[in-house]
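Participant: Provided below are the primary sequence and the corresponding predicted coordinates.
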Amino acid sequence: MIAPSHEPSAHPCSFALDRRDWIAGLEKGLQVLSTFNADHPRMTASQVGQHCGLTRTAARRHLLTLLHLGYVATDGKLFWLTPRILRLGQSYLESARLPRAVQPYLQRVTAGTNETAYAAVLDQHEVVFIARSSMHRHMSTGYMLGSRVQAQVTAAGIVMLAMQGPAFWEEWLHPQVLRPFTSYTLIDKDKLMDVLQQVRLQGWCLSEQQLEMNYRGVAVPLYDHTDTLVGAMSITMPMNNETSSNATQRVLPVLQETARIMRPML
């Protein structure tokens, strides 16, 4: 549900917004855009309103405005997103410093391991992959730029959660519904807390078959020159016949050394 008209809703960042500076229409418009996903690719105005806590009339007005701006299309009944929406994500990738700063270092990781390397950030309950480097034979596999995945089923997500400490874990985990993606997916919150504690102590994460069978990930946190956690760098690879120990010994030193070299540059 949306917030009452007199008070802004909680924002995922720590910035405290004065009520006088809150634009309710902008928030509602973004909520309308966010309702479209793989489970709901095409919806009526009534369905959009139900997801956003808006009346059908209000949802329709927002949709018609977005239609005028080219962000949605319609057949007169159903509405869906258009490719123009990609401009918003592309603007981040082109303007944000982090994706550009990490790219040459990801290429270093790929050259040293022959595996696909990623940089990711945490966005509430999801990991967003903002940069990648891969060998030519791997270009068609793995996460694409902008891919969003549940944080707890990726090595990058686990390592970013772990480094933020127990108070953060409890607040983050409380509203989460941990659903299984494979028969190995960890869905017990107490066991996940134990994993976060272990990862926090060792400073890196190995994750296997949590999101997809026969795939593993290894990740390290990324800190900037002020020691602020800004993301994670990871490798995702098929397990093949390589043991967990051998895979970790092969790729972890490259990830750790690259993260250390990057730190003063971020």
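Facilitator: Looks like it arrived, so ask away.

Participant: Centre of the chain to stretch 159-171, how far?
Facilitator: 16 Å (Cα atoms, centre = their mean, to the nearest Å).

Participant: and what of stretch 37-53?
Facilitator: On Cα atoms, centre = their mean, the centre of stretch 37-53 falls 22 Å from that of its chain.

Participant: can you pull the alpha-carbon coordinates of it into CSV?
Facilitator: The C-alpha coordinates for stretch 37-53 follow below in CSV (Å, rounded to 0.1, in the frame of the first residue of the first chain):
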residue,chain,number,x,y,z
ASN,A,37,7.6,-7.8,-13.8
ALA,A,38,7.9,-11.3,-15.1
ASP,A,39,4.8,-12.4,-13.2
HIS,A,40,2.8,-9.4,-14.3
PRO,A,41,4.0,-8.3,-17.7
ARG,A,42,0.6,-7.0,-18.9
MET,A,43,-2.1,-5.6,-16.6
THR,A,44,-5.3,-3.6,-16.6
ALA,A,45,-5.6,-0.3,-14.8
SER,A,46,-7.6,-2.1,-12.1
GLN,A,47,-4.8,-4.7,-11.6
VAL,A,48,-2.1,-2.0,-11.4
GLY,A,49,-4.2,-0.1,-8.9
GLN,A,50,-4.6,-3.2,-6.7
HIS,A,51,-0.8,-3.7,-6.7
CYS,A,52,-0.1,0.0,-5.9
GLY,A,53,-2.9,0.7,-3.5
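
Participant: What is the burial count for Gly70?
Facilitator: Neighbourhood size, Gly70 [other Cβ atoms under 10 Å]: 12. For every residue, glycine as well, the C-beta is placed using N, CA and C.

Participant: any idea how far Thr44 is from it?
Facilitator: 20 Å (Cβ to Cβ, to the nearest Å).

Participant: Also Pro264?
Facilitator: To Thr44, Pro264 is 53 Å away according to Cβ to Cβ.

Participant: swap in Gln50?
Facilitator: From Gln50 to Thr44 the distance is 9 Å (Cβ to Cβ).

Participant: again, but for Ala101
Facilitator: 43 Å.

Participant: if you skip the residues just before and after it, what's nearest to Leu106?
Facilitator: Ser133 (3.8 Å; Cβ to Cβ, 6 or more residues apart in numbering).

Participant: for Ile158, same thing?
Facilitator: Spatial nearest neighbour of Ile158, chain neighbours left out: Cys205 (4.6 Å); criterion: Cβ to Cβ, 6+ apart.
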